[in-house]
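Chemist: test case, fold it:
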Amino acid sequence: MGIYLNPDNVNFKATLTRPIYVDKTGMISVINQFMATDNKYVCVSRPRRFGKTITTNMLAAYYSKGCDSKDLFAPYKIASAPDFESNLNKFNVIQIDMNSEYQNIADKDNLLKKLTGLIRNELKEVFTSVVFEESDTLGECIQKIYTATKETFVIFMDEYDVLVREKVSDKLFSEYLGFLNGLFKSNTLRPAISFAYLTGILPVVRDRIQSKLNNFDELTILDAHELAEFVGFTSDEVQELCKRYNVDYEECKRWYDGYNQHGFEIYNPESVVMCMRSKTFSDYWSRTSTYAAIEERIRMNFDGTKEDVIKMLAGESIDVNVTRFMNTMDSFSSKSDVFTYLIHIGYLAYNATEGTCKIPNKEIRQQWYNAIEANSDYAVTNAIIQQSKALLAETLNGNESAVAKALDVSHIHVTSNRSYNNEDALQSAIYLAFIYALNKYTVIKELTSGKGFADVVFIPFVQNLPAMIIELKRNACADSAINQIKDKRYFDSLSHYSGDLLFVGINYDEDSKNHECKIERFVKGLNNLQ
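Modeler: Numbering: from 1, shown residues only. As a prediction, this is how the structure comes out:
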């Protein structure tokens, strides 16, 4: 039992003593299946605070010869799985936290030399019959052990990408490539490694070390495949926590949900735990990260970036090509590269089916607001966001001219001259102008209702606010929009809603580029409209 070689289970044991622990031990069965099919190289990437280190400690506690974890796992899901004891504490494990190694050494250029020496010394103490040289690489040490004893290894490397994300010297980076190559690309060493599990924020880097790690199966925040339910907390798990701690589940969903994969709604686990403990909904992400990651990337301002950012701020999804990003910090060449990077670090959520991304939830939206406020290129956007609270109040008070003037500004801002008269542009202008309403309303675009589709419906999730139905017209009049809401009974979709209703008719004149607004209120409106 050592620091790196055959670690004990003390780290995972400490995790289990926390007041809130969600049982993710079922993941062990999935990893056992990887090993059984010789799919032995896996790289798992996900954002900060999504449990990468906890998961690595759990796997090390299960596989390591340096401990007896049967009783530790006994109360949890894995203990009832048929394969529970198949690999339990039966492997030589080497566990490395690359982030800690990098951050804690002063002489960073000699990081790998020192790390290799420390692990080699632990190998010497255990495998006394094997002769090691001071010049042996870690891969050569493992090869010698396997040749002499036929014993194999499981390697866990947490935050493998730290030397990709940090601005390290060319010397250190080149040595790191050799270190990875020596461990994972040698055909002679392959039989000696039963399994290798890397974690990081970024997937395998493509431009400089693809040839070194292209044998790894990548399970990412874009698509975690078999591990999708283990990326974060699922909706079932969060509902159970909310019930246990008497926390409003729907509000928790609005704050921390949004990362969906393979039918699983995935929540940020760290933020959910903090919410349960404090019983307060807040932006916990900002305590462990910073909006600067957003601000620095959107400042690059590739063609179309600003327009798409504004749409996402307003709650829309935009198209993104995630296949070209090279997974580095210095190879951005398009807005899709920027958005793909922001997906990997958690500031955007990806829909693989649609090929789109969006801001996932209320917590992350606040980080975007902070980034926009700090970026002078988005000064008008920030002003519209800041004024949207007042606009909602004016709308609820029936101030038609205030709504029309706000849309004049928003419509100009969200569109280019080519798309100004596009209906989608008008909808985007409405979403942005009413962005504050996302704090109080669920906003639904083109809701099937009555005899057609209501353009935009605002359904309140807080008390004492009216629902709003907005209908858009071009080159007509606002009254005709109101009449269409009534004639086509768009309010039928709100038959379960017993509160007041606001009908908001908006007309846009293409020649003058001005908006007209008409607002009608119905007290307990559905009863008056039957």
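Chemist: all helices of the stretch 151-300 of the chain, in order?
Modeler: Ranges of helices in the stretch 151-300 of the chain, per DSSP state H, counting those that start in this stretch, are 162-165, 170-184, 210-213, 235-245, 249-256, 269-278, 292-298.
Chemist: just say helix, strand or coil for the spatially most central residue of the chain.
Modeler: Central residue of the chain (Cα atoms, centre = their mean): residue 346, 3.3 Å from the mean position. At residue 346 the chain is in coil, as set by DSSP: H, G, I helix; E, B strand; the rest coil.
Chemist: hmm, residue 221 and it touching each other?
Modeler: Yes - between residue 346 and residue 221 there is a contact under Cβ atoms under 8 Å: 7.3 Å. Every residue, glycine included, has its C-beta placed from N, CA and C.
Chemist: for the helices of the stretch 151-300 of the chain, which one sits closest to residue 35?
Modeler: Nearest of those to residue 35, taken as Cβ to Cβ: helix 170-184 at 15.4 Å.
Chemist: centre of the chain to that closest one, how far?
Modeler: On the basis of Cα atoms, centre = their mean, to the nearest Å, helix 170-184 sits 29 Å off its chain's mean C-alpha point.
Chemist: so where's the stretch 201-350 of the chain uncertain?
Modeler: Scanning the stretch 201-350 of the chain for pLDDT under 70 picks out the ranges 206-212, 288-289.
Chemist: now the end-to-end length of stretch 20-33.
Modeler: End-to-end distance of stretch 20-33 (Cα to Cα, to the nearest Å): 28 Å.
Chemist: re earlier: list the contacts for the residue nearest to the centre of the chain?
Modeler: For residue 346, the contact set (Cβ atoms under 8 Å, 6 or more residues apart in numbering) comprises 46-48, 50, 221, 259, 268, 285, 289, 364.
Chemist: from the residues you listed, keep the buried residues only.
Modeler: 46-47, 50, 221, 259, 268, 285, 289, 364 (16 or more other Cβ atoms under 10 Å).
Chemist: which residues touch stretch 229-238?
Modeler: Residues outside stretch 229-238 that contact it (Cβ under 8 Å, 6+ apart) are 22, 24, 26-27, 30, 46, 50-51, 55, 221, 224, 241, 249, 252-253, 256-257, 259, 261-262, 264-269, 272.
Chemist: coming back round to it: which residues do residue 346 and residue 221 both contact?
Modeler: Common neighbours of residue 346 and residue 221 (Cβ under 8 Å, 6+ apart) are 46-47, 259.
Chemist: tell me the one among these nearest to residue 78.
Modeler: residue 46 (20.6 Å).
Chemist: using CSV, write out every CA atom in stretch 314-333.
Modeler: Extracted as CSV, the C-alpha positions of stretch 314-333 are listed here (Å, rounded to 0.1, in the frame of the first residue of the first chain):
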residue,chain,number,x,y,z
ALA,A,314,-32.7,34.8,-24.7
GLY,A,315,-33.2,31.1,-24.1
GLU,A,316,-32.9,29.7,-27.6
SER,A,317,-30.7,26.8,-28.9
ILE,A,318,-28.3,27.3,-31.8
ASP,A,319,-26.6,25.0,-34.2
VAL,A,320,-23.1,23.9,-33.4
ASN,A,321,-20.5,21.7,-35.1
VAL,A,322,-18.6,19.9,-32.3
THR,A,323,-16.5,17.7,-34.6
ARG,A,324,-13.8,20.2,-35.6
PHE,A,325,-12.6,21.4,-32.2
MET,A,326,-9.1,20.1,-31.5
ASN,A,327,-9.6,19.9,-27.7
THR,A,328,-6.8,22.4,-27.0
MET,A,329,-6.6,25.8,-25.5
ASP,A,330,-5.0,27.5,-28.6
SER,A,331,-6.7,26.0,-31.7
PHE,A,332,-10.0,28.0,-31.9
SER,A,333,-10.8,28.8,-35.5
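Chemist: which SSE is the residue nearest to residue 179 when sequence neighbours are not counted in?
Modeler: Nearest residue to residue 179, sequence neighbours excluded (Cβ to Cβ, 6 or more residues apart in numbering): residue 112, at 5.2 Å. According to DSSP states H and E, residue 112 maps onto helix 111-126.
Chemist: does anything pack onto that helix? Which helices or strands?
Modeler: Judged by 3 or more Cβ pairs under 8 Å, 6 or more residues apart in numbering; DSSP states H and E, the packing partners of helix 111-126 are strand 92-97, helix 98-103, helix 138-149, helix 170-184.
Chemist: could you redo the last one with a cut-off of 7 Å?
Modeler: On a contact count with 3 or more Cβ pairs under 7 Å, 6 or more residues apart in numbering; DSSP states H and E, helix 111-126 meets helix 98-103, helix 138-149, helix 170-184.
Chemist: next, the angle from it to helix 138-149.
Modeler: Comparing the axes of helix 111-126 and helix 138-149 via axes from the mean of the first three to the mean of the last three Cα atoms, to 10 degrees yields an angle of 20 degrees.
Chemist: give the buried residues for helix 111-126.
Modeler: 111-112, 115-116, 118-120, 122-123, 126.
Chemist: now do stretch 464-481
Modeler: Neighbour-count burial for stretch 464-481, counted by 16+ other Cβ under 10 Å, picks out 465-473, 478, 481.
Chemist: distance from the chain centre to it, please.
Modeler: Mean-position distance between stretch 464-481 and its chain equals 35 Å (Cα atoms, centre = their mean).
Chemist: roughly how far apart are residue 355 and residue 340?
Modeler: Here residue 355 is placed at a distance of 11 Å from residue 340 (Cβ to Cβ, to the nearest Å).
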